[in-house]
Structures are given as structure tokens and as C-alpha cells.
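Trainee: take this sequence and fold it.
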Amino acid sequence: MNYVYVLVSIKDGKYYIGQTNDLKSRITRHQRGYVRSTRHRRPLKFLYFEKYEDRGTAMRREKFLKSGEGHRFLNSKLVELAP
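Mentor: Have a look, this model is predicted:
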């Protein structure tokens, strides 16, 4: 399985969007500061993930979510998920 995931920085409110084949391990690496691109933006909150059978599909979805249209999708999706 491959996963596309979204984190948000509590510090600056910005999204981090990534993909991995080991979601739990990757989130732990972000939280512990082992990922250079998010180290300075901690603490991070895990917001959302999607699961895909193959890496290529996950990579295309990651690219979409990083686009303006993808950000609009995430904003609407996260509003739906909010309590």
C-alpha cells in the first residue's frame, strides 16, 4: 500500500503533503524532527490520508494536492471533517 498524507504546522498553519509506503513510520519521523523539510515547522498535526495500490497513483495524487486546486479540495475536505 502507498499513502498520501497531509500534515499541518501548528506553528505557521501551512500544509505539508507527502507520500509513503509506511505511514506510521513516516509520521513518527516527521514528529521527531528527522525530516528536514518539516523539522523547523514542528509541532505538526496529522490531518488526512488516502490509500493507493501503487506508488505512481499516489505520486500523481500528491502532485495534485500540492496544486492550487488540490489545496482548495483539502480546505473543503477538512471543513467536512471538522467537529
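Trainee: from Leu74, how far out is Glu53?
Mentor: Going from Glu53 to Leu74 by CB to CB, to the nearest Å gives 22 Å. Where C-beta positions appear, they are placed from N, C-alpha and C, glycine not excepted.
Trainee: show me what counts as buried in the helix ranked longest in the chain.
Mentor: In the chain, assigned by DSSP state H, the helix with the most residues is helix 68-81. By neighbour count with 16 or more other CB atoms under 10 Å, helix 68-81 contains the buried residues Gly70, Leu74.
Trainee: mean confidence (pLDDT) on that helix, please.
Mentor: For helix 68-81, the mean per-residue pLDDT is 84.
Trainee: packing partners of that helix?
Mentor: strand 15-20, strand 44-52, helix 55-65 (3 or more CB pairs under 8 Å, 6 or more residues apart in numbering; DSSP states H and E).
Trainee: select, out of those, the one closest to Val35.
Mentor: Of all the helices and strands packed on helix 68-81, strand 15-20 sits nearest to Val35, with 8.4 Å by CB to CB.
Trainee: please pull out the lowest mean pLDDT helix or strand from the chain.
Mentor: Across the helices and strands of the chain, mean pLDDT, DSSP states H and E gives its lowest value to helix 68-81, namely a mean of 84.
Trainee: how much does that helix deviate in direction from strand 15-20?
Mentor: 100 degrees (axes from the mean of the first three to the mean of the last three CA atoms, to 10 degrees).
Trainee: CA atoms of helix 68-81 as PDB?
Mentor: Taking C-alpha atoms only, helix 68-81 is exported to PDB below (Å, rounded to 0.1, in the frame of the first residue of the first chain):
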ATOM      1  CA  GLY A  68      -4.000  25.300  -6.100                       C
ATOM      2  CA  GLU A  69      -6.900  23.100  -7.000                       C
ATOM      3  CA  GLY A  70      -5.700  20.500  -4.600                       C
ATOM      4  CA  HIS A  71      -5.400  23.000  -1.800                       C
ATOM      5  CA  ARG A  72      -9.000  24.100  -2.400                       C
ATOM      6  CA  PHE A  73     -10.000  20.400  -2.300                       C
ATOM      7  CA  LEU A  74      -8.200  19.900   1.000                       C
ATOM      8  CA  ASN A  75      -9.700  23.000   2.500                       C
ATOM      9  CA  SER A  76     -13.200  21.800   1.600                       C
ATOM     10  CA  LYS A  77     -12.500  18.300   2.800                       C
ATOM     11  CA  LEU A  78     -11.100  19.400   6.100                       C
ATOM     12  CA  VAL A  79     -14.100  21.600   6.700                       C
ATOM     13  CA  GLU A  80     -16.300  18.500   6.300                       C
ATOM     14  CA  LEU A  81     -14.100  16.600   8.800                       C
END
